[in-house]
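S.K.: Give me the fold of what follows.
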Amino acid sequence: MSLIVQKYGGSSVADAESIKRVAKRIVETRKAGNDVVVAVSAMGDTTDELLDLANEVTPLPAPRELDMLLSAGERISMALLAMAIKSMGHEARSFTGSQAGMITDATHGAARIVDVTPVRLREALDEGAVVIVAGFQGFNRDTRDITTLGRGGSDTTAVALAAALDADVCEIYTDVDGVFTSDPRVVKKARKLDRITSEEMLELASSGAKVLHIRAVEYARRHGVTLHVRSSFNNSEGTVVYDPERLPEGEAVEESVIAGVAVDLGQVKITVVGVPDVPGAAAKIFKIVANTNANVDMIVQNVSAAATGRTDISFTVPKSDGERSLKALSEAQESLGFESLQYDDQIGKLSLVGAAMRSAAGISAKLFEALYDAGINIEMISTSEIRISVVTRADSVNAAARAVHTAFELDGDADAVVYAGTGR
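M.R.: Residues are numbered from 1 along each chain as shown. Predicted coordinates:
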């Protein structure tokens, strides 16, 4: 008997019919002789709708109360799913994050898991029940408050449960057939990948790919959890996210040069104009940004102008961190001695990812040629061992992704299918 952890996203449980379809899949897994633990998201756009409601009540919702509100979405899903499974003649028990033993730090809205104590889940499994857990939420022992994990929290919940319960596999069910070479909503000819390394998946997730959240991939890699990304709308095999270092001896896999192309429209660019070109200037700027808890992604510093002894420094941060970073720098303008600040929220980031890029020549040249042929202007460039990222205008980044996807011969023979989801 295997222990399988499954996670179903909001589009997979968007309405009553979808919940019954998911329940049927879970029952089939149980009938096959497996123990099953399920992490479930809120229905459809429930989380966004609850956020909208909170913002209508007050422009600055109290973080503790906001977590109490948002955690309600997953509780609705878990209870309805357990009811559907019971109606099919199988025992099912639903648990909130705190009941499931998801212990987090005290950070409301973006809590991190510090421990998992799934005592009640093991008891339910031993008694033959299917276990349903509300994703995205946990409990802090010190404050005794409910917390939420932030975006991608249900993925992280599923992976954390799989690690704590020593599951054989963690299946992430979504509204596409697996991990694609690009977002099929942007690149219609994107191809599904049968396998992808955890390293490549980390880079794609951090570069804007939405099929898996980066925190979930990191957790899985750290704890040796095998991920299988599948569609909840059919029985097709999905994509296995694997760690090459954990493969059995003799089972080496030849890695493709390019795994995929990711697009991220969730960043802003801040330019600090006229920075004195002296040692320590950049350190002071980024210390101020760091104190706002902003996550800096790309950084570019121009060559100093000989006549003025000043330079410009540009960097990108998530949109959610942009105004906070801008305000902190503006307040420190006098002490830092720069001339002005520029804020650009109309940028898009395109990233090309592939583990075999380490040993492949000509990747950069081919990328830049494809962008040139498509008439795309590059504003910033950043690289790692297995990734090249460029910043361009937001209204041209999707066209850039399609051009690069075609240039690297990643296009499939038919259009990819997206079964549900609003993309909100």
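S.K.: where's stretch 40-50 relative to the chain centroid, distance-wise?
M.R.: How far stretch 40-50 lies from its chain's middle: 16 Å, per CA atoms, centre = their mean, to the nearest Å.
S.K.: swap that for stretch 61-69, please
M.R.: Using CA atoms, centre = their mean, the offset of stretch 61-69 from its chain centre is 22 Å.
S.K.: Now do that stretch: everything it contacts.
M.R.: Stretch 61-69 has contacts (CB atoms under 8 Å, 6 or more residues apart in numbering) with L50, L51, L53, A54, N55, H108, G109, Q137, D145, I146, T147, T148. Where C-beta positions appear, they are placed from N, C-alpha and C, glycine not excepted.
S.K.: Can I get these in JSON lines including pLDDT and neighbour count?
M.R.: Formatted as JSON lines, those follow (pLDDT from 0 to 100; neighbours: other CB atoms under 10 Å):
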{"residue": "L50", "pLDDT": "96", "neighbour count": "17"}
{"residue": "L51", "pLDDT": "95", "neighbour count": "15"}
{"residue": "L53", "pLDDT": "97", "neighbour count": "11"}
{"residue": "A54", "pLDDT": "97", "neighbour count": "17"}
{"residue": "N55", "pLDDT": "95", "neighbour count": "12"}
{"residue": "H108", "pLDDT": "96", "neighbour count": "22"}
{"residue": "G109", "pLDDT": "94", "neighbour count": "16"}
{"residue": "Q137", "pLDDT": "97", "neighbour count": "28"}
{"residue": "D145", "pLDDT": "97", "neighbour count": "18"}
{"residue": "I146", "pLDDT": "97", "neighbour count": "22"}
{"residue": "T147", "pLDDT": "97", "neighbour count": "31"}
{"residue": "T148", "pLDDT": "97", "neighbour count": "27"}
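S.K.: and which of those is nearest V272?
M.R.: Of all the contacts of stretch 61-69, V272 sits closest to G109, with 28.4 Å by CB to CB.
S.K.: Please tell me I have it right and that closest one contacts G150.
M.R.: Yes: when contacts are counted by CB atoms under 8 Å, G109 is listed as touching G150 (6.1 Å).
S.K.: now stretch 353-363, how far from the chain's geometric center?
M.R.: Distance of stretch 353-363 from its chain centroid, counting by CA atoms, centre = their mean, is 24 Å.
S.K.: Restricting the selection to alpha carbons, write that stretch to CSV.
M.R.: Taking C-alpha atoms only, stretch 353-363 is exported to CSV below (Å, rounded to 0.1, in the frame of the first residue of the first chain):
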residue,chain,number,x,y,z
VAL,A,353,15.8,28.0,-18.4
GLY,A,354,17.7,24.8,-19.0
ALA,A,355,20.0,22.7,-16.9
ALA,A,356,22.1,21.7,-19.9
MET,A,357,22.9,25.4,-20.6
ARG,A,358,26.0,25.0,-18.5
SER,A,359,27.6,23.0,-21.3
ALA,A,360,25.8,24.4,-24.4
ALA,A,361,27.3,27.1,-26.5
GLY,A,362,25.5,29.9,-28.4
ILE,A,363,22.4,30.1,-26.2
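S.K.: buried sites along it?
M.R.: V353, G354, A355, A356, M357, I363 (16 or more other CB atoms under 10 Å).
S.K.: who's in contact with L336?
M.R.: Per CB under 8 Å, 6+ apart, neighbours of L336: V272, V275, A281, K284, I285, I288, L329.
S.K.: ok, the last one to V159 distance?
M.R.: This means L329. As judged by CB to CB, to the nearest Å, L329 and V159 stand 36 Å apart.
S.K.: That'll do, ta.
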